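Q: Everything below, folded, please.
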Amino acid sequence: MSVWQKTILWLGLGPDEAYGDYEDQPIMRGPLVSPEFEEARNAGGGDGKVYDLRARSGLVDPKRSSSEGSSGTVRPLRAASTAMPLIVSPGSFEDAKEVADRFLSRQPVAIYVNGVEHDTARRIIDFASGLCYGNGAQLERLNPQVYLLTPTGVEVPVEEKLRIRNEGLSDHH
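A: Sure thing, here's the model as predicted:
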């Protein structure tokens, strides 16, 4: 049998008849053991110490001091602050600068695009979307004419979102 035929059989790509000698029952084996894992487990000995195997594996430079990298310290995240959004009804694309300035000062902004030309409204919403994406923030469509930009770490109360959404539905600039 050639090397190619053996390889094809080994990969399981051969004809069904070639596998007639094999049982349908799977072969039961013990747990797989990595030599590095076994060595680390034996070295650790359950003494409560933490061993950094990343240095041995080449993932971390062992000469690098621990103060240069991540300290491994867990720090609590700041609780989200609650803020009322500024409501903006832009007349032109130039009004997007005010939206960005307020948003970057960590104030949520609700954009009402009622009465704005379709192409201008699209540009403003595209701009707002990029602004949110670039800052890891959230852009939320409250209704077809109202969009809410919420900076990271800031929350807008649900009642306020509902009020803004409903005003946007009844607003006919």
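Q: Residues touching stretch 114-132, excluding its own?
A: 89-93, 95-96, 99-100, 103, 109, 111, 113, 137-139, 145, 147, 149, 168, 171-173 (C-beta atoms under 8 Å, 6 or more residues apart in numbering). All C-beta atoms are positioned from the backbone trio N, CA, C, and that covers glycine.
Q: so of those, which ones are in helices?
A: 96, 99, 100, 103, 168 (DSSP state H).
Q: excluding its backbone neighbours, what's nearest the first one?
A: If you skip the residues right next to it in sequence, residue 96 has residue 127 as its closest partner in space, 4.8 Å away by C-beta to C-beta, 6 or more residues apart in numbering.
Q: Please point out which parts of the helix or strand harbouring that neighbour sit buried.
A: Secondary structure assignment for residue 127, by DSSP states H and E: helix 118-134. Within helix 118-134, the residues that count as buried by 16 or more other C-beta atoms under 10 Å are 120, 121, 123, 124, 125, 127, 128, 131, 132.
Q: now the residues you listed in CSV, with distance to residue 162 and pLDDT?
A: What follows is those, written out as CSV (distance: C-beta to C-beta, whole Å; pLDDT from 0 to 100):
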residue, distance to residue 162, pLDDT
120, 27, 92
121, 22, 91
123, 27, 92
124, 23, 92
125, 21, 92
127, 26, 93
128, 20, 92
131, 24, 92
132, 21, 92
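Q: Among those, list the two that are farthest apart in space.
A: Maximum pairwise distance in the buried residues of helix 118-134, criterion C-beta to C-beta, is 18.8 Å, between 120 and 132.
Q: which residue ranges form the strands in this structure?
A: Secondary structure of the chain (DSSP state E): strands located at 81-82, 86-88, 109-112, 138-143, 146-150, 154-155.
Q: Does residue 154 touch residue 103 like I think?
A: No. Here residue 154 does not reach residue 103: they are 9.8 Å apart, not a contact under C-beta atoms under 8 Å.
Q: More neighbours: the two, which one.
A: Between residue 154 and residue 103, counting by other C-beta atoms under 10 Å, residue 103 is the more crowded of the two (22 against 18).
Q: Distance check, that one against residue 3.
A: Going from residue 103 to residue 3 by C-beta to C-beta, to the nearest Å gives 65 Å.
Q: So which of the buried residues of helix 118-134 is the closest to residue 164?
A: Each of the buried residues of helix 118-134 was checked against residue 164 using C-beta to C-beta; the closest is residue 128, at 14.7 Å.
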